[in-house]
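[1] Whatever this is, show me its structure:
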Amino acid sequence: MNRSWIVAALLALLVNSVPAFADDSPQLFHPRPGGDPLVIETVEEEIWLQEPDLGGNIGSSEIIEEFDLDSEIANDFILTEPSEIVRVRWWGGYWNGEGANVTNFVVRFYESDGCDPGSLIQELFIPHNCDETLVQLPVYVYEVAIEPIALVAGPRYWMSVSGEHTFPPQWGRVEAIELLECESSFKSAYFSYPDWVPVSHVFGAAQDFSFALYAEPAEDGACCLPDGSCVISTPDDCLAQGGDPQGLGTACDPNPCPRACCFIDGRCEVLDPASCEAAEGTVHESWLCEPNPCPPAQACCFSFGTCRLLLPELCEEGGGIPQGPDTICDPNPCPPPEAERACCLPDESCELLDVDECITRGGTPQLPDTDCDPNPCTTPPMARACCFGDGACTIEFPEDCRAQGGLPRGACMVCDPNPCIQPEACCFEDGTCEFVLPGLCAEQGGEPQGAGTDCDPNPCPSPEACCLATGECLFLRADDCLAQGGYPQGEGTVCDPNPCDQPQACCFAMGTCRILLPDDCEEERGMPLGAGAVCDPNPCPPPSEPRACCFPDETCQILSVHDCTEFGGVPKLPGEVCNPNPCVIPDPPRACCFEDGRCEVLFTYECTQVGGQPMGICTTCEPNPCPPIGACCYGDGGCVETTEQECYWDWAGYQWQEGLDCEDDPCPPIPTETTTWGRIKAGYR
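    Model prediction:
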């Protein structure tokens, strides 16, 4: 699809110009120079307004089916009171063509995800043009009544409008005169923005787009009656019942009416629930403080002899001792800190000491009048996670855990998640596998395989025959074999019978003899003499014995070592002859092409033997140098699979299609025309 309009739209933004004619595809937006705001009449139920800039930009927010275009501009708003939205107004305009042709609109309300629209609250399809009214070319105003949408005060919401029409022209929303809260957000897969983005990312500047919301005016609200109860009524009815109106649109859930608020020192104040909780009080079911409905506080004594008026349960929670009903802190009823009381020392022993002495010895003073019998300092055993050898975990007391062969974990540890080390596969040198704890595996000389491993299938490498340079065979794992400089013989191999090559006599060109393995002998250009051959006595022919001698021109002569080197040659091994010529350097492998377009790397003689065509020296099959195969159409619609060159040269083809098979029936028959011999002859007169 042609999208050259993107460049045009960006240039239009930079020079602030307006297209004089319709492009052949939709544009992103219509830049305009700006102008005076539209002055509109406000109405009583108006709850949000962002007025249009009649000379402002127009951004695409439209549905054009023929281009599969769906763009959407959304604005955020925040309500100061709970409201039911019943009417929506917005401003839009046309560009990139003549006429006004919107047939219907889609209005959407969203929750918020930061400064972008979030989850969809409601989508409204409006099957008409919403009383489209011209304000000032090219700007129109639209308005529609909707089923009530109830929204609460405080959270951020978003509203969008998209107009559906044919192309050209285009339709979009008109820029607002000011930016409120977050800038508008844009989304359109057609314009390469499949997710919501701020409009500044799209149009080059942060801006909002114009719209207004209206709600039914509230007629009633919460009313606090003298008994502390709450009802919904009109202000007049509330006052007639001796109540206190809380404001239009307010609710009774939660109850906003003042109630008795109780404090930890037993005081009572009449406060609304929010103020009571803010003051760290507790809302009481009563709405009066006369008589005081709050539980009475009493003197509470602490370790250092201090006294506070607290509720008994709060006193105990804070480590104090309640002194009983009707007790007070003036005069202070608490024993002074110099009075002896139980002192818990670091080793959990207990002594009767005064507070200062207790602290000096690193202890913790207990409450006044506490004794050391029974000892208050010992930490009672706690049930905790107990781990077993199979990785299982149960909650046990430490003694019970040890009695069952388990290992107690730290205090307060639980079994969810399981803190126990889990067993895993453990490999031994003989290739066997056991499912045990990692520590036990190492103690038994095994090798842990890691968390989550199992013995089925067996992950442990098995021993195999390992050949050493001496010809000795050892039964080892492959990695141990390599560590000793040996050669693993493969899974399942054994040392009886010995599969290893044995050292043997190796003869060199100069007649010297060394005991080597056959492979090592050949690597050093020697000639192995076979199993059991020894060098004493020396079995190698002397250098005076004639043998093949290779010269730089790849010719071969039978000469002694002395004569060969004297004439610039290279002596071969004893016993080597010149037929076949050992001096010719073999032709290296090269790419070999087959009729079906395949390529293999072969020696030249191998390529010709299997019907291939050798390519140049050092050629490879990556990339494939072979001519591609395709369907060749010839004659009256015949088909053959061949190369393009053979199609036109050898088959006189009229069409070749790479990669096609003749089974695909790619060759259309050549049309013929019925005629007579007389007509044919007439064409040559």
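
[2] residues near the nearest residue to Pro463 once chain neighbours are set aside, how many?
    The spatial neighbour of Pro463 that comes closest, neighbours along the chain excluded (Cβ to Cβ, 6 or more residues apart in numbering), is Phe475 at 4.9 Å. (Each C-beta comes from the backbone N, C-alpha and C, glycine too.) Each residue near Phe475 was counted by other Cβ atoms under 10 Å, and the total is 15.

[3] Quick check: end-to-end length of stretch 627-646?
    By Cα to Cα, to the nearest Å, the extent of stretch 627-646 from end to end equals 10 Å.

[4] buried stuff in that stretch?
    The neighbour-count criterion (16 or more other Cβ atoms under 10 Å) identifies 627, 629-634, 639-644, 646 as the buried residues of stretch 627-646.

[5] What's opposite the nearest residue to Leu602 once chain neighbours are set aside in the beta bridge?
    With Cβ to Cβ, 6+ apart as the measure, Cys592 is the residue that lies nearest to Leu602, at 4.4 Å, once sequence neighbours are left out. The bridge-partner assignment for Cys592, based on DSSP bridges, gives Glu600, Pro614.

[6] Next one: Cys592 relative to Tyr94, how far apart?
    69 Å (Cβ to Cβ, to the nearest Å).

[7] what do you get for Pro417?
    For Pro417, the distance to Tyr94 under the criterion Cβ to Cβ works out to 63 Å.

[8] Between those two, which has more neighbouring residues?
    Neighbours were tallied for Pro417 and for Tyr94 using other Cβ under 10 Å; the higher tally belongs to Tyr94 (23 against 7).

[9] burial count for the nearest residue to that one once chain neighbours are set aside?
    Setting aside the residues directly before and after it, Tyr94 is nearest to Pro169 in space (Cβ to Cβ, 6+ apart), at 4.6 Å. Counted with other Cβ under 10 Å, the burial measure for Pro169 works out to 21 neighbours.

[10] next one: Glu348
    Glu348: 11 surrounding residues under other Cβ under 10 Å.

[11] For it, pull up the helix or strand it's in.
    Assigning secondary structure by DSSP states H and E places Glu348 outside every helix and strand.

[12] Could I get the phi/psi values of it?
    phi 70, psi 10 (degrees, to the nearest 10).

[13] now Val355
    With angles defined as degrees, to the nearest 10, Val355 shows backbone torsions of phi -60, psi -50.

[14] And it, what's its pLDDT?
    The predicted local confidence for Val355 comes out at a pLDDT of 83.

[15] What residue, apart from its backbone neighbours, is nearest it spatially?
    Using Cβ to Cβ, 6+ apart, the nearest residue to Val355 is Pro337, at 3.7 Å.

[16] can you tell me which residues contact the one you found?
    303-305, 354-356, 365 (Cβ atoms under 8 Å, 6 or more residues apart in numbering).

[17] And Glu316, by the same measure?
    With Cβ under 8 Å, 6+ apart as the criterion, the residues that contact Glu316 are Pro322.

[18] List phi and psi for the residue nearest to Tyr94.
    Dihedral angles phi and psi of Pro169 (degrees, to the nearest 10) take the values phi -90, psi -160.

[19] ok, now how distant is it from Asn101?
    When distance is defined by Cβ to Cβ, Pro169 is 7 Å away from Asn101.

[20] Much appreciated, bye for now.
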